[in-house]
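>>> got a predicted structure here, sequence first:
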Amino acid sequence: MAAWLGPYAMTREGSGTSWLPDATPHEGAHQQFGDWTIMTHGMLNLIYDQQAGRRGGSQTFGSGMLMVMGQRPLGDGTLGLRAMLSPEPLMGAAGYPLLLAVGETADGRHHLVDRQHPHDLFMELAATYSVNLSNTSSVFVYGGLPGEPALGPPAFMHRTSGVDNPEAPISHHWLDSTHITFGVVTAGVVLNDWKLEASSFRGREPDQYRYDLERPVLDSFAGRLSWNPSREWSLQVSYGRINSPEQLAPSVNEDRLTASAIYTTPFGDGHLWSTTLAWGRKMLRPGDTLDAFLVESALILKDNVTLFMRAERVAENELTHDIPGLEGKTFTVNKATVGGIYDFIRTDRAKFGVGALVSRYGLPEELKAEYGREPTSYMVFGRLKFW
């Protein structure tokens, strides 16, 4: 199956129009129907979540995705269609407990704080068209309802370093929260190992109704420069001006700046190591400037063992929005997660395993009365991957 957006390895393509290292493993079931080449892959997690402390909670829920992509020659170029669906609306509008997570709303009236919102049923419904100008260059267009603009690194569930960790990063809304945008058009050019692209998109994040398609309004813009200097590396910098992203703060706009580096390499006899370093800055207009830093890594061993970690440092101003005297105050918080999965069933088209993770939080003194001095949370889960 050829790449969607240019004359390079298909393994380079991540979520939306983002890039991964060429050394990224490719997992997909391929079928041919006339001129159409179809690829299908997916993942399903069944998770028990226990978040510690006064602001924690416990819940059993499912997460994951199913993605179907098709492409065919059309004229001088390649037409692509994509659909990605999620079971997450079934967990309920309030999502699942996740300490220090913020963003979006469950009911249109209250902030989601210390909970991770569910992703919409329709995570992506998009089309692409690309034309190769030479054996090293191309131009392309991408449109989605929903789709992903050219802003940030690949979404966390598409990064090899993060896909096996079922927890969403608490830096999600600093780095890759625009991966579900109801209305986006992107145009770009590929020149050798460089890609320059620009997007116009709907700035408002998805509302609390997780099964519908929202009205596309192209009121925001973003641009991204990507570079893959070798098979193992993928780097990007991006900037976006986002109009009224939060439903509960409609008068606040956001400028977002991100930079990331992803390193993925095979080693030994069939093993793989992938690491992502990322930084995101939210510049609220009017409001604060808030930074987030992330490092995540995964070690995938041939004998069906996956080990992963994630560390984050985030400046947040929504954690105490409802506490008198602390409303809107900014706190810098830290989180570290380690975990692993053992796949005890594996076939040519699927693998099933069980896993667990533990997360530890670092909090400023003013928050310890709310959360506990050193809260520790955990998840246990079953994971099915199929392709």
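Thanks, I have it.
>>> rounded mean pLDDT for stretch 312-326, please.
Averaged across stretch 312-326, pLDDT comes to 91.
>>> err, stretch 3-15, not the other one
On average, stretch 3-15 scores 94.
>>> for residue 307, see how far away residue 273 is.
10 Å (CB to CB, to the nearest Å). Any C-beta I mention is one placed from the backbone N, CA and C, and that applies to glycine too.
>>> quick check: nearest residue in space to residue 31, chain neighbours excluded?
Computed as CB to CB, 6 or more residues apart in numbering, the closest residue to residue 31 that is not its neighbour in sequence is residue 38, at 4.7 Å.
>>> where do the helices sit along the stretch 51-200 of the chain?
Secondary structure of the stretch 51-200 of the chain by DSSP state H, counting those that start in this stretch: the helices cover 172-175.
>>> circling back to that earlier point, of residue 273 and residue 307, which one has the most company?
Set residue 273 next to residue 307 and count neighbours by other CB atoms under 10 Å: residue 273 wins out with 20 against 16.
>>> residue 242: neighbour count?
Residues near residue 242, counting by other CB under 10 Å, number 27.
>>> doesn't residue 200 make contact with it?
No - the pair residue 242 and residue 200 fails to qualify as a contact (CB atoms under 8 Å) at a distance of 11.7 Å.
>>> so what's in contact with these two at the same time?
Shared contacts of residue 242 and residue 200 (CB atoms under 8 Å, 6 or more residues apart in numbering): residue 220.
>>> name the element the residue nearest to residue 31 belongs to?
strand 36-51 (DSSP states H and E).
>>> quick one, what contacts residue 103?
Contacts of residue 103 by CB under 8 Å, 6+ apart are 112, 117, 172-173, 177, 205, 246, 318.
>>> with distance to residue 337 and neighbour count added, can I get those residues in a markdown table?
Listed next are the contacts of residue 103 as a markdown table, based on distance: CB to CB, whole Å; neighbours: other CB atoms under 10 Å:
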| residue | distance to residue 337 | neighbour count |
| --- | --- | --- |
| 112 | 20 | 22 |
| 117 | 19 | 27 |
| 172 | 14 | 24 |
| 173 | 17 | 27 |
| 177 | 19 | 25 |
| 205 | 24 | 21 |
| 246 | 26 | 22 |
| 318 | 21 | 22 |
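>>> between these, which sits nearest residue 85?
residue 117 (16.7 Å; CB to CB).
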